[in-house]
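Novice: next one to model:
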Amino acid sequence: MAALHRGGAPTSSCHPPPRRAALAGRGVFQFRSYAMKPWFTATTPPSNVYTVRRPLSDTELQNVRERIHGDASGPHELVEAVVTAVFDALLSGHGRTYRDHRDDPLFDRNRYAIPISQWTAIVTTIVDRAYTWGAATSTGMNLAALLPAGYDDPAVPTPLLNPIEDQPHLVRLDISRDAAATVAACQQHLVELADAYGTESDHYRNAAASWSLQLTHLISVPPGAHRVLHPDGPLSLYVSTNDASHYGVAFEPIARHCIVAGCHAVAVADGQWQPSRPDATVLDHEHQPSYPADGPQPGRWTTRP
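Specialist: Next up, the predicted model:
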């Protein structure tokens, strides 16, 4: 078999070629070493002898996992932390660290190799983490160029590098096209309330506060949650979740009522007035409505089972 080689043809028949296409079968994107050189050019030695070619231990993989799900401030820091952890592990038996070689243009990463199952798990997990910065593809390409090579070893299982305490970094919120139109209609309704009654009016302030609270509730969920928004009426939504705790976000209109002190009349659909409750007092006078019949409907958004 052929030795792992970062670009170009295999150098001998001792080991299989590098597996920089490890993710291609997963439908993500294809890594090829000759297309992803780091900023320095790695020099491939004329020998097929590996300096280190072994699996990472459970302890070393746990260290890599902690670096993946640590407090990296961005994709560059994430890649740096993980590559350092991997090479520190492989170099530990030689009394060196990645810091000793990181900026050395003669440092050949192809002299170091881990099983392709571990290599793939590290790359795919980091790509998932990089989605939080919107940099999944570029992060995966940079990582593939900086990691050691990979070799086939069917005896080494694919490690689970899931987030610490099984808390994913992303919350998934899917919105159907019709639901997106409903969200836009809700926002437009707020605009109409502001235009009709003013931004300092109770009609606008109460509606805007309730809508903001519902949107905050949608995204303030435990990491790993998956929610799907569906339309449920002109200004209402239905939310389905992956934990079966479905609920609705409903617009509840405020009834037009008489604002004259002591009168508890409310307007009904046909424009007539009636008591707000069976024992309510309704004065015999010309009722003064709390908002005009031809104005936008005041109300608020509430959560319902």
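Novice: T120 contacts P159, correct?
Specialist: No: under the criterion of Cβ atoms under 8 Å, T120 makes no contact with P159, lying 9.8 Å away. To be clear about C-beta, it is placed using only N, CA and C from the backbone, and glycine gets the same treatment.
Novice: which residues of the stretch 51-200 of the chain fall in strands?
Specialist: Per DSSP state E, counting those that start in this stretch, the stretch 51-200 of the chain carries strands over the ranges 52-53, 112-115, 149-151, 172-175.
Novice: please apply the same query to the stretch 201-305 of the chain.
Specialist: 226-231, 237-241, 247-253, 265-267, 273-275, 299-304.
Novice: elements contacting the longest one?
Specialist: This means strand 247-253. strand 237-241, strand 299-304 (3 or more Cβ pairs under 8 Å, 6 or more residues apart in numbering; DSSP states H and E).
Novice: tell me what the shortest one is packed against?
Specialist: Where contact means 3+ Cβ pairs under 8 Å, 6+ apart, strand 237-241 is packed against helix 177-197, strand 226-231, strand 247-253.
Novice: and these, which one's lowest on average pLDDT?
Specialist: Note on these: strand 226-231 shows the lowest mean pLDDT, a mean of 88.
Novice: now the angle from it to strand 237-241?
Specialist: For strand 226-231 against strand 237-241, the angle by axes from the mean of the first three to the mean of the last three Cα atoms, to 10 degrees is 160 degrees.
Novice: which parts of strand 226-231 are buried?
Specialist: For strand 226-231, burial by neighbour count (16 or more other Cβ atoms under 10 Å) applies to R227, V228, L229, H230, P231.
Novice: where does the stretch 201-305 of the chain have low pLDDT?
Specialist: 221-224, 243-244, 270 (pLDDT under 70).
Novice: who touches the spatially closest residue to S138 that is not a sequence neighbour in this structure?
Specialist: If the residues on either side of it in the chain are set aside, S138 comes closest to P75, at 7.1 Å by Cβ to Cβ, 6 or more residues apart in numbering. For P75, the contact set (Cβ atoms under 8 Å, 6 or more residues apart in numbering) comprises A130, W133, A135, S138, T139, N142.
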